[in-house]
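# I need the structure of the sequence given here:
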Amino acid sequence: MPLHFTLVRADFAFDKYPAIEEWSARISERESFKTGVLQWWPGFGG
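Residues are numbered from 1 along each chain as shown. This is a model prediction of the structure:
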């Protein structure tokens, strides 16, 4: 997750990697992601 987090913030294009995009979508719905990432860095989500 930390590497993915860093690449997202660097605007890495994941469109060639649909499995990673699907994984990210699943992970971002977890409560642990919401507290562990979004509360830590509120601007990450958008």
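# does residue 37 touch residue 5 like I think?
Yes. Counting by CB atoms under 8 Å, residue 37 touches residue 5, with 6.5 Å between them. Just so you know, the C-beta spots here come from the backbone N, C-alpha and C atoms, and that holds for glycine as well.
# between those two, who's got more neighbours?
The neighbour count for residue 37 versus residue 5, taken as other CB atoms under 10 Å, is higher for residue 37 (19 against 16).
# what's the pLDDT at that one?
pLDDT, residue 37: 74.
# could you measure from it over to residue 16?
Using CB to CB, to the nearest Å, residue 37 is found at 23 Å from residue 16.
# burial count for residue 30?
Residue 30, neighbours per other CB under 10 Å, totals 11.
# for it, grab phi and psi.
Residue 30 has phi and psi values of phi -70, psi 140 when expressed as degrees, to the nearest 10.
# in contact with residue 29, which residues?
Contacts of residue 29 were listed using CB atoms under 8 Å, 6 or more residues apart in numbering, and none were found.
# residue 21 versus that one, what's the distance?
Taken as CB to CB, the span from residue 29 to residue 21 is 13 Å.
# list residues touching both of the two?
With CB under 8 Å, 6+ apart, residue 29 and residue 21 have no common neighbours.
# low-confidence stretches in this structure?
1, 38, 42-46 (pLDDT under 70).
# farthest residue from the center of it?
Distance from the C-alpha centroid of the chain, by CA atoms, centre = their mean, peaks at residue 16 (16.0 Å).
# now the helices for the protein?
In order along the chain, the chain carries the following helices (DSSP state H): 2-9, 18-28, 31-33.
# quick one: those helices as CSV, columns for distance to residue 41 too.
Converted to CSV, these look like this (distance: least, CB to CB, whole Å):
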stretch, distance to residue 41
helix 2-9, 8
helix 18-28, 13
helix 31-33, 11
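# how near is residue 24 to residue 15?
Residue 24 is 12 Å from residue 15, where distance means CB to CB.
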